[in-house]
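# Next comes the sequence, and after it the predicted model I'd like to discuss.
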Amino acid sequence: MSECEIILLDARLEAVIDSHAFRAVLGNGHLFTAYVAAEDREKERPKAGDFVRVEMSPFSMNEGRVII
């Protein structure tokens, strides 16, 4: 078993919370907060309504990282 398990999921960004945080929803209706990583903040940011891929930890399904 690897030390760092990551779950990759597709999500839709519902609303902008902050300049680097979004309210997102999975296909099954689960709501969570999605963050843009610090190293990705220089790249073009997604907008509300966009479909993105997120990394989530199996230990906390309340937040995830947007992969740009």
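Yep, it's here.
# mind listing the strands for this structure?
7-16, 21-26, 31-36, 51-57, 60-67 (DSSP state E).
# Need the pLDDT of Glu5.
In the prediction, the pLDDT value recorded for Glu5 is 87.
# Tell me how far the closest residue to it other than its chain neighbours lies from Ile7.
Distances taken as CB to CB, 6 or more residues apart in numbering place Pro58 nearest to Glu5, at 5.5 Å, with adjacent residues excluded. Placement of C-beta: from N, CA and C, glycine included. Noted for Pro58: a distance of 6 Å to Ile7, by CB to CB, to the nearest Å.
# Touching, Ile6 and Val54? I think so.
No. Judged on CB atoms under 8 Å, Ile6 makes no contact with Val54 at a distance of 10.0 Å.
# what about the protein, any weak spots by pLDDT?
Applying pLDDT under 70 to the chain flags residues 1-3.
# number of nearby residues for Ala11?
22 (other CB atoms under 10 Å).
# ok, the closest residue to Pro46 other than its chain neighbours to Arg65 distance?
Once flanking residues are discounted, Pro46 sits nearest to Val52: 5.3 Å by CB to CB, 6+ apart. Per CB to CB, Val52 is found 10 Å from Arg65.
# Give me the common contacts of the two.
Common contact partners of Val52 and Arg65 (CB atoms under 8 Å, 6 or more residues apart in numbering): Ala34.
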